[in-house]
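In: Could you look at this predicted model? Sequence included:
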Amino acid sequence: MAIDLFNTLGGRVEALVPQHDNELRMYCCGPTVYDYGHIGNFRTFLHVDVLRRFAALKGMKLKHVMNVTDVDDKIIRNAAAANMPIGEYTAKFERAFFEDMDALGVQRPEIIARATENIGDMVTLIEKLASEDIAYKTEDGSWYFRIARFPDYGKLSKKDFDGIEDGARVDVDEYEKDAARDFALWKAVKPNEHSWDTSLGVGRPGWHIECSAMAMKHLGPTFDLHAGGEDLTFPHHENEIAQSEAASHVPLAKHWFHVRFLLVEGKKMSKSEGNFYTLRDLLLKGYRASAIRFLLLSVPYRHQMNFTFEGLTESANAIDRLRTFARRLDKTEFAAGEDAGLAALTVEKQRLFDAALSNDLNTAEARAAIFDLVRAANSAADTGTLLAGNVASIRDLLARFDSVFDVLTDRDQRVTRDALAWAEAEGRLGEAAPELVASSSFSEEEIQKLVDERTLAKKQRNFARADAIRKELAEKGILIEDGKDGVSWKRK
RNA sequence: GGACCGAUGGCGAAGUGGCUAACGCGCUGGUCUGCAAAACCAGUAUUCAUGGGUUCAAAUCCCAUUCGGUCCUCCA
C-alpha cells in the first residue's frame, strides 16, 4: 500500500512512490544554525521524521538529505556580536541542534550537507544559469536570477506575478536589479564579511542556491520529495524550483511536503508575545522530551496545532498509560492459549494504524488505533482472556507504533540530565525548575532504599510509616505502585 | 489591501454528505486495594463559531459575518 500524501505542487493528495529502486530520495530544509532551535522548528523536523520512519516501515529505502545553513546574515551578525569566527559560532549551534534532535528521537538524515562545504557546486550552478543569461551580475558584483526567463515561476505557491500586489513590500535598496522580484544568487562581499573568492567574484551564496546545488548533487536533478515548514513555500522553495529547473530543464521534486505552523497557548509564537520556547527552555521547566515529541506529533502535520503546557502534561500522562501497558505485557505470566477475538482485534487495529498513516500521515488516527488496542488488551488481561498466544502480536503492533512514534523507551531521564548539565555549563541553571534539580540529584539507590523500607513497613502493617515514605517520595516526583508482582516505582 | 487555510465536549483533537460524533487528558461514581497507584466498568457534546441556504439527509456542500493562522523577499 502506498503512502498518500498531500502535494503542495498539485494542491491535492497524491501517492508517494519512489522513482528509483524503491528508494525514497528526499530533501528537507534544515536549520540555520544561528541560535537554539525552538519548538516550531522541531514540529517540522518531527513530522519529517514520521514520514521517513513510516516510509521505512512500508519497506522503502531512504536517502534523505538535509542541509545545514552555516552562513547567512544572522550568523554573520550574531558571530560578530559574540566576537567569534563564524565557523566556531555555527559549530556550537549545529552541535546543539543535533543534540536536540537526538533528545526528541529524530533520526539523522543519511546525508548532512553544509552550505560552506559546497560553495563550488553553487558556483557551478550559477555559472550554468549565467551561460543561458538567466543569471546576471549587477554593478556591485552580486548575481541575480532573472525571473522573466522562468515562465513557471509561481507554480508552487500558486502566485500570479503579473503586476505588483497591493501592499506588497518592495525592497528599494536593490535598485540595480532588472526586476523587483529577481532574487540574489550570489551576494557581493561587504566589508569584514566572511567571503569566498570564486569565478563569480568575491562574495557569498544567496539563501536559496545552497539547497538547489546540494539537493541535485546528492539526489540528482529530479527526486521524490522536498520538505520544509509552510513559510518556505514562498519564496524559498519557489526560488529553488526556478534556479534548479532553469538549469536542469526537468522538475526538481515530484512531491512538496509542507508542515503547518503551530500556535503556543492559542497565539502565534513570538518573542514579543513571550510565548517563544526552545526545546531547552521546556526541558528546564521539567517537561519530558517524550511528552514534547508526542504532543508535537499528535496533531497531523497539515493542521495548525495549539501547543500548550497543559497539553504537555496530558501527553506525558498518555505516554505513561502506554508504557504501563507495555510493562504489564512483559511482566505478566499469561495463561496458555490464544483468544481469537483479541487476536482479530489486534489485526484490525494494525490495519487501522497503517491506513491512518497511509492517509496523509494522520497521526491522530494512528494514535487512536493504539489506544483502542491498549484498552481492549487491558480489559482482556483483567478478565483473563488475554492469553499467552496473544502477546506476540500485540507486542508487534506496539513495536510498529513505536517505530514511528518512538515514545515507549524511556530516555527522558538522560535527556533531562543532559539539559541540566548544559544549563550549568552555560550559567543558566537558575532557569531550571527547583524540583527538577532536586529530583535529578536523587539517586536510584536512595530511592530503592526508601522503597524497600516502605515495603518492610507494610509487611509489618506499619501503614503510617509506609504512607509517610510514599508521601516523601511523591514530593520528589517518585510514584509508587504496589502490584501483584511486587512494588515498582516511576518518576512522575 | 490581495491570495490561501482553519473554528468540533472542561482541555487537546479525529471525522469532511447518511449507523449511538473516534482517541487522549481531566472530572464524577463503582470494582480492586490496608489506603493509594495501575487497570477495568459506567457517566461526562441531542451537538460540531454565528446567521442564512442547498439536500430525503450537513459537523461535513454554498453564501455572509466574527475570530485565529500562513504567505505577499532570507521566519520551521
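Out: Sure thing, it's come through.

In: can you pull up the bridge partners for A:Ile480?
Out: With DSSP bridges as the criterion, A:Ile480 is bridged to A:Trp489.

In: my guess is it meets A:Arg454, correct?
Out: Yes - between A:Ile480 and A:Arg454 there is a contact under CB atoms under 8 Å: 7.1 Å. (Each C-beta comes from the backbone N, C-alpha and C, glycine too.)

In: who touches both of those two?
Out: Both A:Ile480 and A:Arg454 are in contact with A:Arg470, A:Val487, where contact means CB atoms under 8 Å, 6 or more residues apart in numbering.

In: higher neighbour count, those two?
Out: A:Arg454 (24 against 19; other CB atoms under 10 Å).

In: Report the contact partners of the more buried one.
Out: Residues near A:Arg454 by CB under 8 Å, 6+ apart: A:Arg465, A:Ala466, A:Ile469, A:Arg470, A:Ile480, A:Val487.

In: same thing with A:Leu104?
Out: For A:Leu104, the contacting residues are A:Phe42, A:Phe45, A:Leu46, A:Leu279, A:Ala289, A:Ile292, A:Arg293, by CB under 8 Å, 6+ apart.

In: Domain map for chain A?
Out: Domain assignment of chain A by automatic domain parsing yields the ranges A:18-259, A:267-405, A:442-491.

In: Out of those, which gets nearest to RNA strand B?
Out: domain A:18-259 (1.2 Å; CB to the nearest atom of the strand).

In: any idea how far A:Ala343 is from A:Asn390?
Out: According to CB to CB, to the nearest Å, A:Asn390 and A:Ala343 sit 6 Å apart.

In: Of those two, which one has the most company?
Out: Set side by side, A:Asn390 and A:Ala343 show more neighbours around A:Asn390, with 24 against 15, by other CB under 10 Å.

In: quick one: the helices in the stretch 351-492 of chain A?
Out: Secondary structure of the stretch 351-492 of chain A (DSSP state H, counting those that start in this stretch): helices at A:363-383, A:388-405, A:412-425, A:434-440, A:444-459, A:463-475.

In: Show me what the last one is packed up against.
Out: Using 3 or more CB pairs under 8 Å, 6 or more residues apart in numbering; DSSP states H and E as the contact definition, the elements that helix A:463-475 packs against are helix A:444-459, strand A:478-483.

In: Wondering if the first one reaches RNA strand B at all.
Out: Yep, that's helix A:444-459 we're talking about. Yes - for helix A:444-459, a contact with RNA strand B is found by CB under 7 Å from any atom of the strand, at A:Lys458.

In: export that helix as PDB, just CAs?
Out: Presented in PDB, the C-alpha positions along helix A:444-459 are these (Å, rounded to 0.1, in the frame of the first residue of the first chain):
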ATOM      1  CA  GLU A 444      18.200   5.400  42.200                       C
ATOM      2  CA  GLU A 445      19.900   3.700  45.100                       C
ATOM      3  CA  GLU A 446      18.400   6.200  47.500                       C
ATOM      4  CA  ILE A 447      15.000   5.800  46.000                       C
ATOM      5  CA  GLN A 448      15.300   2.000  46.100                       C
ATOM      6  CA  LYS A 449      16.400   2.100  49.800                       C
ATOM      7  CA  LEU A 450      13.300   4.100  50.700                       C
ATOM      8  CA  VAL A 451      11.000   1.900  48.600                       C
ATOM      9  CA  ASP A 452      12.400  -1.200  50.300                       C
ATOM     10  CA  GLU A 453      12.000   0.300  53.700                       C
ATOM     11  CA  ARG A 454       8.400   1.000  52.900                       C
ATOM     12  CA  THR A 455       7.800  -2.500  51.700                       C
ATOM     13  CA  LEU A 456       9.100  -3.800  55.000                       C
ATOM     14  CA  ALA A 457       6.900  -1.400  57.000                       C
ATOM     15  CA  LYS A 458       3.900  -2.600  55.000                       C
ATOM     16  CA  LYS A 459       4.700  -6.200  55.800                       C
END
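
In: Only the buried residues of it, if you could.
Out: Residues of helix A:444-459 classed as buried: A:Ile447, A:Leu450, A:Val451, A:Arg454, A:Ala457, A:Lys458 (neighbour count, 16 or more other CB atoms under 10 Å).

In: I'd say the last one and A:Ala464 touch.
Out: This means A:Lys458. No - A:Lys458 sits out of contact with A:Ala464 when judged by CB under 8 Å, with a separation of 10.8 Å.

In: quick one: the top helix by length along chain A to helix A:363-383, angle?
Out: Scanning chain A for the helix with the most residues, using DSSP state H, yields helix A:309-331. Interaxial angle, helix A:309-331 versus helix A:363-383 (axes from the mean of the first three to the mean of the last three CA atoms, to 10 degrees): 40 degrees.

In: Name the residues of helix A:309-331 that are buried.
Out: Across helix A:309-331, burial judged by 16+ other CB under 10 Å covers A:311-312, A:315-316, A:318-320, A:322-323, A:325-326, A:328-329.

In: do stretch A:148-158 as well
Out: Using 16+ other CB under 10 Å as the test for burial, stretch A:148-158 gives A:Arg149, A:Phe150, A:Tyr153, A:Gly154, A:Leu156, A:Ser157.

In: C-alpha coordinates for that stretch, PDB please?
Out: What follows is stretch A:148-158, C-alpha atoms only, in PDB (Å, rounded to 0.1, in the frame of the first residue of the first chain):
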ATOM      1  CA  ALA A 148      11.300  36.800 -16.500                       C
ATOM      2  CA  ARG A 149      13.300  33.900 -18.000                       C
ATOM      3  CA  PHE A 150      11.400  31.300 -16.000                       C
ATOM      4  CA  PRO A 151       7.700  31.200 -17.100                       C
ATOM      5  CA  ASP A 152       6.800  28.600 -14.500                       C
ATOM      6  CA  TYR A 153       7.700  31.000 -11.600                       C
ATOM      7  CA  GLY A 154       4.900  30.900  -9.000                       C
ATOM      8  CA  LYS A 155       3.700  27.300  -9.800                       C
ATOM      9  CA  LEU A 156       4.400  26.000  -6.300                       C
ATOM     10  CA  SER A 157       3.000  28.900  -4.300                       C
ATOM     11  CA  LYS A 158       0.200  29.500  -6.800                       C
END
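
In: contacts for it?
Out: Residues outside stretch A:148-158 that contact it (CB under 8 Å, 6+ apart): A:8-9, A:11, A:132-134, A:147, A:160-161, A:178-179, A:233-235, A:237-238, A:241-242, A:245-246, A:256.

In: Filter these to keep only those in contact with RNA strand B.
Out: Contacts with RNA strand B within the contacts of stretch A:148-158, counted by CB under 7 Å from any atom of the strand: A:Thr233, A:Phe234, A:Pro235.

In: Show me the shaky parts of chain A.
Out: Where chain A drops to pLDDT under 70, the residues are A:1, A:161-176.

In: and with 90 instead?
Out: Within chain A, the segments meeting pLDDT under 90 span A:1-2, A:10-11, A:139-140, A:158-181, A:190-193, A:265-268, A:270-274, A:331, A:434-447, A:471-492.

In: who's in contact with A:Tyr34?
Out: A:Asp72, A:Lys74, A:Ile75, A:Asn78, A:Tyr89, A:Thr90, A:Phe93.

In: By neighbours, which of these wins?
Out: Greatest neighbour count in the contacts of A:Tyr34, by other CB under 10 Å, goes to A:Thr90: 26 neighbours.

In: What are the neighbouring residues in contact with A:Val123?
Out: A:Val123 sits next to A:Trp186, A:Thr198, A:Ser199, A:Leu200 when contact means CB under 8 Å, 6+ apart.

In: Can you identify each of the strands in the stretch 201-350 of chain A by residue range?
Out: In the stretch 201-350 of chain A, strands defined by DSSP state E, counting those that start in this stretch lie at A:201-205, A:223-229, A:253-259, A:262-264, A:267-268, A:305-307, listed in chain order.
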